[in-house]
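In: no sequence on hand, only this structure:
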């Protein structure tokens, strides 16, 4: 009799546990609605142009000289905007270009995305750089116009085959008495929109 | 990312780790000897029903609940995830423990009735994964709002072990007051991974006077994952899924029977009657170490790296490959060096006041037992980052010779409402027990911070 009572009690408590325990109102299908929207800031290109290092040897003082354009051109590998991930999952990329100039001459900086074969793709971006105030002064800071440069999703699609960037500093005729430094600093903000 | 979200979802219940507060010092059950080899037991012999003498399952979450993320409440899941990430800290974790007694037996010595021997084999799965807060934030929010804030690799911390344990212990009533016990353990690890003691940071530093706007700095990174039992599983190549599963199973079975990485350990414990009705107990279990020498593979990345953007040197036409530079600076090495790891040590202690002595003639013992007892228990388990603590108030009630119960109320850092209950039936020699905690959360388990269930069958004399 005692045995039956014990089992009856066990069954009763077990039944309470089973019926009282539940997992309510969960919806795992919400996972489909998860969208990751992080914003990553990363350095982009940087460069420094020091007049003194570019005066051809033996140039007399107060003499005009020019620098061959190829010396001021560069091509660097950059396939981030051309990757499948970028095309599928980037809302936009914002490029902030900051140029600090001490040299009392105005410059132009331009850059262009290229395909692996070196073919230009998308638009040519130009940044006019204001003249600096000369050696020993605070640099004059110029930004791109517009600032930042926005590569929206449509533009990123255009740049799908971009693998490189060509940069160039367009320098007018310089004087061997000029001194100073031009510094390019830049960053890219990647606005991710990643759906699980 | 789904993995991270699942982890986030799982980080929903607070942990009771391997704390078996209802079973501890419940001397009507032989399983109490596994928590304290010095438990004051009075069996002549016991034999667990093979594979059924103890089934223990425990899942614990600290910090949030599954419900916090997946509740069907009309709120945007992205907001819920963000809130949960903000709420969780790097010391929050998910833990899973499962134990299955394969064999469990014991007998009282014929030569010395004060001696009780017990032994057996059980299988255990033990997993703890700390929430990698910094990198979850980095993945979910990016670094834009965290300039100059270091993301710490030390946030990455997890261990997992799948093993069988062979044990043999003795329990001796030293005198009327003191019972002492010890248990030797041999571990055979089937699978292990651990990634702890990671160091280093990743920081995006603003550099107004630098070459570029930022510096992205990986500083003194030292991140490693030690594995054993993984490399050979990875190398199993079979186009037939059933055949592949069979090969994996065969490997596990071989390792379970002392073919794995071996280790040794010990449990010790005591019970001491201060006076007739007051008893204190203490135990230390799993003081041991496993030596991983077979099928070992460690992946380690060490170094520092600074990225300032893509330099356009103007005179240099060679392209710059940042990934190559990163790989050179922080190479990922695969090592086959042996390692050793401590088992997670557990400490238990209690003080108990017993009252309401009875003698209905059913107990074949020198001292009639008490029908009621209450007291306090404490529990600590050592984990990779810091020990976990719990304290329980308990009430033991022997309702009859065939029904004994224990009610517990447990508090730890994260929960103040954990009620546990154990019920043990003793019908002739046959014993069945069942225990569960967090009973108040049973109305919605998804919102629970943890749940632990134990049950089993024994033959006890």
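Out: On my side now, so go ahead. Source: prediction; values computed, not measured. Residues are numbered from 1 along each chain as shown, chains lettered A, B, ... in the order given.
In: tell me, how many residues neighbour the residue in the stretch 201-350 of chain B positioned nearest to chain A?
Out: Nearest residue of the stretch 201-350 of chain B to chain A: residue B:309, at 3.1 Å (Cβ to the nearest Cβ). For the C-beta atoms, the positions are set from N, CA and C on the backbone; glycine is no exception. Residue B:309: 25 surrounding residues under other Cβ atoms under 10 Å in any protein chain shown.
In: cool, and residue B:187?
Out: The burial count for residue B:187: 24, using other Cβ under 10 Å.
In: so does stretch A:183-196 get close to chain B?
Out: Yes. For stretch A:183-196, a contact with chain B is found by Cβ under 8 Å from any Cβ of the partner chain, at A:184, A:185, A:186, A:187, A:189, A:190, A:192, A:194, A:196.
In: now that stretch: buried residues?
Out: A:183, A:184, A:185, A:186, A:187, A:188, A:189, A:190, A:191, A:192, A:194 (16 or more other Cβ atoms under 10 Å in any protein chain shown).
In: got the contact list for the last one?
Out: Which is residue A:194. Taking Cβ atoms under 8 Å, 6 or more residues apart in numbering or on different chains, we find residue A:194 in contact with A:35, A:36, A:37, A:89, B:1.
In: again, only using 6 Å
Out: Contacts for residue A:194 were tallied using Cβ atoms under 6 Å, 6 or more residues apart in numbering or on different chains; they are A:36, A:89.
In: one more: the first one?
Out: Neighbour list for residue A:183: A:48, A:100 [criterion: Cβ under 6 Å, 6+ apart].
In: circling back: now the residue of the stretch 201-350 of chain B closest to chain A, nearest residue through space, not along the chain?
Out: residue A:43 (3.1 Å; Cβ to Cβ, 6 or more residues apart in numbering or on different chains).
In: thought that neighbour was touching residue B:212?
Out: Yes. Contact criterion Cβ atoms under 6 Å: residue A:43 and residue B:212 qualify, at 4.6 Å.
In: low pLDDT regions in chain A?
Out: Within chain A, the segments meeting pLDDT under 70 span A:1-24, A:82.
In: after the helix or strand containing residue B:191, which helix or strand is next?
Out: Residue B:191 is part of strand B:178-195 when elements are defined by DSSP states H and E. Later in the chain than strand B:178-195, the nearest helix or strand by DSSP H and E is strand B:199-206.
In: parallel or antiparallel, list what pairs with that following strand.
Out: Applying DSSP bridges, strand B:199-206 is found paired with strand B:151-152 (antiparallel), strand B:214-228 (antiparallel).
In: and the ones you listed: which comes nearest residue A:155?
Out: Closest of the strands paired with strand B:199-206 to residue A:155 is strand B:214-228, at 23.6 Å (criterion: Cβ to Cβ).
In: tell me which residues in that closest one are buried?
Out: Residues B:214-219, B:221, B:223-228 are the ones in strand B:214-228 that count as buried (16+ other Cβ under 10 Å).
In: quick one: which of these is nearest to residue B:396?
Out: For these, the closest approach to residue B:396 (Cβ to Cβ) belongs to residue B:228, at 41.7 Å.
In: for that closest one, which residues are in contact?
Out: Contacts for residue B:228 (Cβ under 6 Å, 6+ apart) come out as B:192, B:261, B:292, B:295, B:296.
In: ok, 7 Å please
Out: B:189, B:192, B:261, B:292, B:294, B:295, B:296 (Cβ atoms under 7 Å, 6 or more residues apart in numbering or on different chains).
In: count of neighbours near residue A:159?
Out: By other Cβ under 10 Å, the residues close to residue A:159 number 20.
In: do the same with residue B:241
Out: Count around residue B:241 with other Cβ under 10 Å applied: 8.
In: tell me what the nearest residue to residue A:76 once chain neighbours are set aside is bridged to.
Out: Nearest residue to residue A:76, sequence neighbours excluded (Cβ to Cβ, 6+ apart): residue B:310, at 4.9 Å. Beta bridges link residue B:310 to residue A:45, judged by DSSP bridges.
In: now stretch B:451-461: mean pLDDT?
Out: Stretch B:451-461 shows a mean pLDDT of 84.
In: what does stretch B:179-189 give?
Out: 96.
In: and the longest helix seen in chain B with strand B:178-195, angle?
Out: With secondary structure taken from DSSP state H, chain B has its longest helix at helix B:241-254. Angle of helix B:241-254 versus strand B:178-195, following axes from the mean of the first three to the mean of the last three Cα atoms, to 10 degrees, is 140 degrees.
In: next one: helix B:241-254 to chain centre, how far?
Out: Distance of helix B:241-254 from the chain centroid (Cα atoms, centre = their mean, to the nearest Å) equals 26 Å.
In: surely residue B:392 touches residue B:409?
Out: Yes. Using Cβ atoms under 7 Å, residue B:392 makes contact with residue B:409 at a distance of 6.4 Å.
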